[in-house]
Structure formats: C-alpha cells, structure tokens
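>>> I'd like to go over a predicted model; first the sequence, then the structure.
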Amino acid sequence: MPEEQISAASLGVLVRRQGAVVAALGLAAVPATQQALAVALAAAGDRTLFALPLPLGPGIATALRADGLEVVLLRPADSGATLLDFVAAVPFAFDILEQILSDPYQGITVADHTGTMRYVSPVHEKFLGLPPGGGAGKPVEQVIRNSRLRAVVASGKAEIGQPLEFGNAVTRVVNRRPVRRDGQVIGAVGQVMFRDTEAVAQMAAEMQQLRTQLEFYRRELDGLRESRGAVAELVGDSQAMQRLREEVAAVARLDVPVLVQGESGTGKELVVRAIHALGRPGQALVSLNLAAVPESLVESELFGHAAGAFTGSARQGRPGKFEMANAGTLFLDEVGDIPMDVQIKLLRVLEERVAERLGSHAARPLSFRLVSATHRDIGALIDGGAFRHDLFYRISGVRLQVPPLRERLEDIPALLAHFVLQFCQRNGRPMPCIDPDVAAWLAEQPWPGNLRQLRHRIEEALVFSPPERLALAAFGRGEALRAAPAPQQQAAAPARLKDHERSAALRTLAECGGNKKRAAERLGISRSYLYKLLGESAASRRSSQAL
Ligand SMILES: Nc1ncnc2c1ncn2[C@@H]1O[C@H](COP(=O)(O)OP(=O)(O)OP(=O)(O)O)[C@@H](O)[C@H]1O
C-alpha cells in the first residue's frame with residue numbers, strides 16, 4: 001500500500017504470533033506504528049483496549065488474544081470523542097474504567113436502541129444472580145423485570161434518583177441516561193446505587209428528625225415570644241410586682257388550677273393571660289365572665305348543647321367553653337359569681353375531666369387548664385353558704401394575690417408612661433413630654449379602682465391635653481385635683497416632713513422614669529432609704545384608707 005494511502009487509512013489490523021508480526025494491514029503496516037503498537041501491547045498486559053501514538057496523532061487499539069495469537073485492531077483516536085480523549089490522555093484510563101465497572105457499590109447496565117441488554121456489570125450480575133455475560137443479548141425486561149431502560153431509549157429523557165424495586169422489599173436508587181450519537185438515541189445506561197439507598201434512607205431519617213426538631217424549636221420560639229409579650233405586659237418593678245411575676249412563672253408550667261385574687265382593676269386578667277401564655281402557648285385561652293352571663297345561661301355556656309337539645313338551640317349543636325378550651329386554658333372570671341347549681345356540675349367536670357353537652361350523653365374527655373379569678377372574698381362566700389367548700393379547693397390549687405395599686409405606688413411612673421404610650425399608639429398620636437409632677441401627683445391620689453381607674457384618669461387627661469405635652473393641669477377637670485393637698489400646704493405643716501420627703505422621692509422617681517438607682521443617686525440617699533420612703537408611702541396610704 002502506498003505511503004500516502006496508508007497514512008490516510010482509518011483502520012489498521014495487526015496479527016502477531018508469539019510476539020512476531022505475521023500480518024499488518026492499513027494503519028498497522030506503517031513501521032513506526034508497529035513499533036508503537038509493540039510498546040503499547042507490552043504495557044497493556046491482558047487489557048484489550050489501550051491508547052497508542054500513531055504517526056498522525058493519538059490512536060486507539062483493541063487486542064484479542066488466544067493461544068499465542070494476538071489480533072489488534074487500531075484506528076486514530078477521534079479527538080471529538082470524550083472516551084478516546086480520555087483513553088489517549090490518561091495512562092491508567094482503563095484502570096479507571098475497570099474500577100467504575102467493578103465498583104461494589106454500583107451496578108451498571110447497558111441497553112441498545114432496540115431495548116436489548118448489552119452489558120451488565122459483574123457486581124450487578126451477582127446481585128441479579130446471573131452468570132457472567134448472562135444478561136447480554138436478552139430483552140431488558142427479561143433481565144430486570146421492571147427495567148425502564150427501554151422507556152428511556154424511547155423518550156430520550158434521563159431518569160435520575162428513581163427508586164427501583166427488586167422484590168423482597170429491596171429498593172435501590174437508579175439513574176438512567178439515554179446515550180446519543182449524532183443526536184440519535186442509540187441506547188441507555190442504567191446505574192444502580194447499592195450504597196446510596198441506605199445513605200438516602202439515613203439522610204431522609206435525619207431530615208425528618210431535623211424537621212421535627214425545627215418544628216419543636218419554632219413552637220418554643222413562638223411560645224417564648226408570646227409569653228415574653230404577656231409577662232412584659234405586667235408593668236411595674238415594685239417588689240410586689242417582681243414577686244408576682246416570679247410566682248406567675250413558677251406556677252404557669254405546672255398543671256395545677258390557679259385562683260387569682262385581688263381587688264377590682266388590679267390586673268387579674270393580665271396575670272391570667274401571662275399564666276396562659278407561659279403555660280399553654282399556642283393553645284386557646286377561652287374566657288367566661290360569670291358575672292356578665294345571665295344565670296340561666298351559665299350552664300349552656302360552659303357545657304354547650306347537643307343538636308336540637310332545646311327550642312331555639314343551634315341545629316348543629318354548640319360546643320361549650322369546656323370543649324373550646326380543650327388543651328388550652330379555661331379562664332373563669334368572677335368565679336365567685338357562679339350559680340350554686342352550676343357549682344356542683346363544675347365540680348364533677350373538674351373531678352372526672354369529662355363533660356357532656358346539654359341534651360347529650362356522650363362524655364368528652366377534657367384537658368384544659370383551669371385558671372379562675374375573683375375580687376370577692378371567697379371565704380366569706382363559703383361562710384355565707386354561697387360557695388361550695390369542695391369547689392373552692394378544686395379551683396385553688398395555687399392562689400395568687402394581685403396587690404392593689406396603693407401598695408405599689410412606686411410603679412406609678414412606669415404605669416403612667418405605659419398607659420400614655422398605649423393611648424398614643426392606639427390613637428396615632430406622638431408620645432408627649434410628661435411633666436415630672438404628674439407622676440408625683442398621681443401617687444398622692446387614692447385609687448380604689450386600682451389600675452383601671454388610673455388608666456382611665458390618664459387617658460381622660462390625654463384627651464384634653466395638647467399632643468406634645470401632658471401637664472398636671474390636664475388632670476384638673478374632675479374632683480381629684482382639688483382633693484389633692486396643695487404642695488404649699490404640705491410644706492407648711494411641720495408634722496408632714498416625712499410626707500415631703502416621700503413626695504420628693506416619688507417626684508424624683510418619676511423624673512428618672514421609675515429608675516430607683518438613679519433616683520436615689522439624684523436625691524443623695526441610699527437605695528434602701530428610698531425603698532423605705534416608698535414603702536412608708538404605701539403604708540401611710542393604707543392606714544389612711546383604713547380610717
Ligand atoms: N401590671 C399592669 N401593667 C399594665 N397594665 C395593667 C397592669 N395591671 C392592670 N393593667 C391594666 O389595668 C386594667 C385593668 O386590668 P384587669 O382587667 O386585668 O383587672 P382585673 O383585676 O381583672 O379587674 P376586674 O376584677 O374588674 O375584672 C387593664 O386595662 C389592664 O391592661
């Protein structure tokens with residue numbers, strides 16, 4: 001064959017017997033190629049596919065060996081073909097291919113465009129119980145019952161990360177990819193992951209666990225936000241309020257019924273809200289004011305009623321407060337006003353933790369937490385036969401006493417700021433400057449209606465104030481301002497020296513925004529003396545009220 005024809009040939013065949021060339025055709029007829037082939041064959045060992053340099057560039061050769069005979073087919077490496085580039089460039093390319101094909105954690109299957117299985121990797125053959133080469137030449141479905149290689153050939157679309165059931169509850173993750181040449185699908189390759197199924201299952205389990213944890217922490221956070229908000233609503237830094245907040249926190253998480261006692265307007269409802277927010281965050285808080293509901297309706301409000309239980313009852317029936325509060329908190333406000341006949345029924349519900357709607361015999365289990373409140377003297381009600389002794393013990397696992405405002409006058413500056421801010425926020429007004437003598441004057445007033453009265457008084461003053469300033473004069477509309485002793489009169493009476501000190505203490509405290517440390521510094525007295533003055537202020541108010 002002429003030199004130019006040989007070099008332009010695209011194929012070569014070399015036959016060797018016992019290492020000696022017995023035939024060379026096409027590309028293999030070029031002496032330089034034969035030399036390169038001899039070197040490459042020696043290096044290839046028993047490998048059948050290997051790269052070698054040809055005079056016009058890289059080449060690739062396939063060798064078949066038997067009985068001392070070697071038949072080698074060779075051709076130039078197509079630089080556009082990734083595999084040939086790979087083989088030509090990497091001296092251990094075949095080792096890599098070998099490793100991929102014999103990876104113990106991955107099975108490989110190859111189908112041609114007719115859906116005939118061409119190759120099953122050794123690991124996969126073992127897994128399928130096939131002898132070596134046992135799958136080749138069969139329709140893919142005969143080798144793997146639910147194989148989708150034929151579908152991938154037909155659609156030309158890869159299927160990645162799909163589960164494939166092999167029977168006996170064995171599921172593996174499979175990737176299937178179409179193989180294209182010149183844009184045509186000529187086959188499909190399947191990759192079965194042996195290890196990754198467990199890894200995926202483990203990952204899924206871990207993800208599930210993380211999701212559960214996330215949900216838990218999300219709820220905790222919501223609860224914390226809610227509860228922090230609710231406890232922060234209880235304004236006041238007096239010792240009485242600090243103790244009350246501690247008691248609320250201690251009791252909130254326990255499953256004990258709580259009875260909140262205190263005069264009207266002291267903040268019992270706020271305390272109940274804080275207990276609920278801390279103890280059963282995210283659940284319902286269902287309230288029933290027993291003084292506000294007509295006596296005849298209390299029972300149906302609490303128990304609800306079954307469908308058509310009585311004339312005029314809702315057709316679908318209606319749940320009572322017991323049911324509505326389930327898993328949450330049931331707040332019985334003004335519990336001292338509960339009718340006697342309902343007291344017995346309430347007692348039964350609290351003892352048995354089940355309730356039936358009126359007109360029904362289906363008992364529903366309940367798990368609400370009970371918090372009650374009253375401004376009444378329950379002891380006196382019991383003595384007068386208006387409240388059951390046994391019910392009292394049932395509802396008052398823990399009793400919390402909310403102090404009246406006169407016992408925590410030092411909270412007035414903070415409460416003043418709080419109520420002013422609330423009013424302004426509600427009405428879209430700017431926060432005004434509050435004259436320092438306002439808090440001092442408020443602390444001098446009797447507050448039989450407690451915080452509710454204080455709040456109304458402040459709001460009334462705000463209504464008639466210029467938006468930028470709240471001055472003492474704004475409180476002059478009612479009787480209270482006139483009733484307060486004038487400062488000159490106070491100063492004039494020598495017996496009131498202590499009162500004067502107290503007033504100064506309260507005024508300075510107001511100027512310092514309720515900060516006792518700063519107030520004591522400004523007054524030049526110790527903090528404990530300031531506490532003493534404030535305490536005496538509360539005590540003196542108490543004794544004057546007692547008279
Ligand atoms: N510690 C507090 N901090 C801020 N506001 C408070 C505080 N205590 C009470 N208030 C406010 O005072 C008003 C009366 O409070 P609440 O209704 O809780 O009193 P109560 O004791 O339940 O009254 P009643 O016995 O009449 O039902 C409400 O506007 C409430 O927001």
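Everything's here; your move.
>>> buried ones in stretch 292-311?
By neighbour count on 16 or more other C-beta atoms under 10 Å, the buried set for stretch 292-311 is 293, 298, 299, 300, 301, 302, 303, 304, 305, 306, 309. In this view, the C-beta of every residue, glycine as well, is placed from N, C-alpha and C.
>>> quick one: contacts of it?
If you take C-beta atoms under 8 Å, 6 or more residues apart in numbering as the criterion, stretch 292-311 is touched by 288, 290, 313-323, 334, 338-339, 341-342, 345-346, 349, 355-360, 362.
>>> returning to what we had before: among the buried residues of stretch 292-311, show me the least confident.
Model confidence across the buried residues of stretch 292-311 bottoms out at residue 309, which has 61.
>>> Now the residue most central in space within the chain: which helix or strand?
The centroid of the chain falls nearest to residue 218 when counting by C-alpha atoms, centre = their mean (2.3 Å). Using DSSP states H and E, residue 218 falls within helix 196-232.
>>> Mind listing what's buried along the helix or strand just after that helix?
Moving toward the C-terminus from helix 196-232, the next helix or strand (DSSP H and E) is helix 239-252. Buried residues in helix 239-252, counting neighbours by 16+ other C-beta under 10 Å, are found at 240, 241, 244, 245, 247, 248, 251, 252.
>>> Retrieve the pLDDT associated with the third one.
This means residue 244. Residue 244 carries a pLDDT value of 94.
>>> swap in the last one?
Note for residue 252: predicted pLDDT of 90.
>>> before we move on, what about the first one?
The score at residue 240 is 92. That number is its pLDDT.
>>> Same question for residue 544.
36.
>>> Looking at the buried residues of helix 239-252, which is nearest the ligand?
Closest to the ligand out of the buried residues of helix 239-252 is residue 241 (6.4 Å), distances taken as C-beta to the nearest ligand atom.
>>> and that closest one, what does it touch?
By C-beta under 8 Å, 6+ apart, the contact set of residue 241 is 234, 235, 403, 408, 411.
>>> try it again with 10 Å
Residue 241 makes contact with 234, 235, 267, 402, 403, 407, 408, 410, 411, 414, according to C-beta atoms under 10 Å, 6 or more residues apart in numbering.
>>> I'd like those residues as a markdown table, with pLDDT and secondary structure appended.
What follows is those, written out as a markdown table (pLDDT from 0 to 100; DSSP: H, G, I helix; E, B strand; the rest coil):
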| residue | pLDDT | secondary structure |
| --- | --- | --- |
| 234 | 89 | coil |
| 235 | 91 | coil |
| 267 | 94 | coil |
| 402 | 96 | coil |
| 403 | 95 | coil |
| 407 | 92 | helix |
| 408 | 92 | coil |
| 410 | 90 | helix |
| 411 | 92 | helix |
| 414 | 91 | helix |
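>>> which one is residue 354 nearest to, not counting chain neighbours?
Nearest residue to residue 354 in three dimensions, chain neighbours excluded: residue 363, at 4.2 Å (C-beta to C-beta, 6 or more residues apart in numbering).
>>> Would you agree the one you found is in contact with residue 322?
No. Using C-beta atoms under 10 Å, residue 363 is not in contact with residue 322, being 11.2 Å away.
>>> Mutual contacts of these two, please.
Here residue 363 and residue 322 have 349, 353, 354, 355, 356, 357 as joint contacts, going by C-beta under 10 Å, 6+ apart.
>>> Out of those, the closest to the ligand would be?
Among these, and counting by C-beta to the nearest ligand atom, the member closest to the ligand is residue 349, at 23.3 Å.
>>> what's the burial count for the closest residue to the ligand within the stretch 251-400 of the chain?
Closest to the ligand within the stretch 251-400 of the chain is residue 267: 2.3 Å, counting by C-beta to the nearest ligand atom. As a burial measure, residue 267 scores 26 neighbours (other C-beta atoms under 10 Å).
>>> Check whether residue 103 sits in a helix, strand or coil.
In the three-state summary, residue 103 is assigned as coil, counting by DSSP: H, G, I helix; E, B strand; the rest coil.
>>> what's the closest non-adjacent residue to it?
In space, and not counting its chain neighbours, residue 103 is closest to residue 123: 6.7 Å by C-beta to C-beta, 6+ apart.
>>> what's near enough to touch the residue of the stretch 101-250 of the chain found nearest the ligand?
Of all residues in the stretch 101-250 of the chain, the one sitting closest to the ligand is residue 235 (3.5 Å; C-beta to the nearest ligand atom). Contact analysis of residue 235 by C-beta under 10 Å, 6+ apart lists 241, 267, 270, 411, 414-419, 422, 451, 514.
>>> so residue 51 makes contact with residue 62?
No. Counting by C-beta under 10 Å, residue 51 does not reach residue 62; the two are 11.1 Å apart.
>>> Now the host helix or strand of residue 422: buried residues?
Using DSSP H and E, residue 422 falls within helix 412-427. For helix 412-427, a neighbour-count test (16+ other C-beta under 10 Å) marks 412, 413, 414, 415, 416, 417, 418, 419, 420, 423, 424 as buried.
>>> any idea how far the ligand is from the closest residue to residue 459 other than its chain neighbours?
Nearest residue to residue 459 in three dimensions, chain neighbours excluded: residue 423, at 5.2 Å (C-beta to C-beta, 6+ apart). Distance of residue 423 to the ligand, computed by C-beta to the nearest ligand atom, to the nearest Å: 11 Å.
>>> got the contact list for residue 423?
429, 431, 432, 455, 458, 459, 461, 462, 463, 470.
>>> cool, and residue 330?
Shown in contact with residue 330 (C-beta under 10 Å, 6+ apart): 257, 276, 284-288, 302, 320-324, 349, 366, 368-372.
>>> Neighbour count: residue 51 and residue 62, which is higher?
Taking other C-beta under 10 Å, residue 51 and residue 62 do not tie; residue 51 has more neighbours (23 against 13).
>>> In the sheet, which residues pair with that one? Tell me.
Counting by DSSP bridges, residue 51 forms beta bridges with residue 60.
>>> rewinding a little: more neighbours, residue 363 and residue 322?
Between residue 363 and residue 322, counting by other C-beta under 10 Å, residue 322 is the more crowded of the two (26 against 13).
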